[in-house]
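Visitor: okay, sequence plus prediction incoming.
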Amino acid sequence: MDETAAIARLEACGVIPVVVIEDASRAIDLAHALVAGGIDVVEVTLRRPAGLAALEAIARSVPGALPVAGTVVTPAQVQQVKDAGAKAVVSPGFSEAVDEALKAAGLPWLPGVATASDCMRAVAAGRIVAKFFPAETAGGPPALKALSGPFPQMRFCPTGGVGLNNLGSYLALPQVICVGGSWLVPADAIASGDWARVTRLAKEASEAFRALRG
Ligand SMILES: O=C(O)C(=O)C[C@H](O)[C@H](O)COP(=O)(O)O
């Protein structure tokens, strides 16, 4: 999948669930629960050892969900997530080494940016779609608007402190293509297999997105 197609999937999904998973055997049910609620992109973070196997399980067994690798912070992880079947990669920050590894791997990438210096490095590398992280503590929508002054070509996925209560203030900005967050995939719901709750949260989020963006 090329960069344009991957970005289009993120943009159409609108709300990207950021998954932190302790047990990879839960991954397939989790992805099905999200898809049932209208969320068909799943960002699985590498924060926990089970992350890679969870990503692989979704890539292999849930064709309706776009598998995205999150928390990719080293070049070595790039090949691992590619082998696991990731179709796109998200990082909390920007690094030239990770950028180069992703270009070599041919995978779309949303680097994390929070400052004008981060944006300068991202744009210099040809990366104009970025995760704005940590969105709320980095200044929220006013900070994003300010960054768009010098970087009007950039598009953002604000993540970090985003929830149902404030996603509208981000999605009101034209430079925002989607938002991300962990609220759709609570750790206790994953641990207890409460898939109905995950589907309900996904549905609530996708309906909120569609009400704002059509
Ligand atoms: O793990 C990563 O790669 C990150 O960059 C951080 C996560 O995307 C955010 O921590 C999610 O934020 P919350 O929705 O506020 O929980």
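Guide: Happy to help now that I have it. Residues are numbered from 1 along each chain as shown.

Visitor: run a quick neighbour tally on the residue nearest to F133 when sequence neighbours are not counted.
Guide: Distance criterion Cβ to Cβ, 6 or more residues apart in numbering; nearest residue to F133, sequence neighbours excluded, is G112 at 4.2 Å. Every residue, glycine included, has its C-beta placed from N, CA and C. Look at G112: counted by other Cβ atoms under 10 Å, it has 23 neighbours.

Visitor: which residues touch E22?
Guide: R48, A50, A187, I190, A191 (Cβ atoms under 8 Å, 6 or more residues apart in numbering).

Visitor: do that again at 6 Å, thanks
Guide: By Cβ atoms under 6 Å, 6 or more residues apart in numbering, the residues touching E22 are R48, A50.

Visitor: quick one: it is in a strand?
Guide: No - under DSSP: H, G, I helix; E, B strand; the rest coil, E22 falls outside any strand and is assigned coil.

Visitor: let me know the pLDDT of it.
Guide: pLDDT for E22: 97.

Visitor: next, give phi and psi for it.
Guide: When read as degrees, to the nearest 10, the backbone of E22 gives phi -100, psi -20.

Visitor: again, but for L66
Guide: The phi/psi pair for L66 (degrees, to the nearest 10) is phi -80, psi 120.

Visitor: wait, doesn't it sit right on R9?
Guide: Yes - here L66 reaches R9: they are 5.0 Å apart, a contact under Cβ atoms under 6 Å.

Visitor: tell me which of those two has more neighbours.
Guide: L66 (24 against 19).

Visitor: quick one: common contacting residues for L66 and R9?
Guide: V41.

Visitor: okay, stretch 105-121 in CSV with CA atoms only?
Guide: Extracted C-alpha coordinates of stretch 105-121, given in CSV (Å, rounded to 0.1, in the frame of the first residue of the first chain):
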residue,chain,number,x,y,z
ALA,A,105,11.4,-0.4,3.8
GLY,A,106,8.9,1.5,1.7
LEU,A,107,6.4,1.9,4.5
PRO,A,108,4.3,5.1,5.1
TRP,A,109,5.3,6.9,8.3
LEU,A,110,3.7,9.5,10.6
PRO,A,111,6.6,10.8,12.7
GLY,A,112,5.7,12.6,15.9
VAL,A,113,6.1,16.4,16.1
ALA,A,114,5.4,18.8,18.9
THR,A,115,7.5,21.8,18.1
ALA,A,116,8.6,24.0,15.1
SER,A,117,12.0,22.4,15.2
ASP,A,118,10.4,18.9,14.9
CYS,A,119,8.4,20.2,11.9
MET,A,120,11.5,21.6,10.2
ARG,A,121,13.2,18.2,10.5
